[in-house]
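Visitor: Coordinates for the following, if possible.
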Amino acid sequence: MVKSIVSIVALLLLSFSLPAQTGNVLFKVSGIQTELGGFISAGIFTKNNFPKVGKQFKGKDIVVTKSEMEVLLEEVPSGTYGAVVFQDENDNKKLETNFVGFPKEPIGFANDARIKLGPPDFEDAAITVTEGATVIVNIQLR
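Guide: As a prediction, this is how the structure comes out:
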């Protein structure tokens, strides 16, 4: 009987998961073209999905109101992510590109990583989120 009670208590304790270790990501976005309107779309991506729009690990869209804005992602699990922001002028949730695949809408990456013959490498636009901290990511849209 005691053995059964101990087993039940142990199972109950194991069934409660520990809270995830999370932090926040604060994007400070500049170079927003207010005359284009639309939304600022900020997202973080795992290495496997970087930088596939629509495949972000966590993201947020906010209406363009001024040339410099902030976007806060809360409760982001600790880890390393690629960080991207673009101005979605027509609110279609897609990054418009030309026939070669280069962005037609303003875009920026963490660490001022640049587009060359394609998107920057994940490592060049990577940020690290740690428990209890807010990572500030300055993004210049180009």
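Visitor: centroid residue for this protein?
Guide: residue 44 (2.0 Å; CA atoms, centre = their mean).
Visitor: quick one: that residue from residue 129, how far?
Guide: Counting by CB to CB, to the nearest Å, the gap from residue 44 to residue 129 is 8 Å. Backbone N, C-alpha and C define where each C-beta goes, glycine included.
Visitor: ok, back up a step: do you know how far the residue nearest to the centre of the chain is from residue 101?
Guide: Applying CB to CB to residue 44 and residue 101 gives a distance of 22 Å.
Visitor: Neighbouring strands of the helix or strand containing residue 44 in the sheet, and parallel or not?
Guide: Using DSSP states H and E, residue 44 falls within strand 39-45. Here strand 39-45 is paired, per DSSP bridges, with strand 58-63 (antiparallel), strand 79-88 (antiparallel).
Visitor: Identify each buried residue in the first one, please.
Guide: For strand 58-63, the neighbour count (16 or more other CB atoms under 10 Å) marks 58, 59, 60 as buried.
Visitor: do the same with stretch 95-109
Guide: Buried residues in stretch 95-109 (16+ other CB under 10 Å): 95, 103, 105, 106, 107, 108, 109.
Visitor: And for stretch 118-126?
Guide: Neighbour-count burial for stretch 118-126, counted by 16+ other CB under 10 Å, picks out 119, 120, 122, 125, 126.
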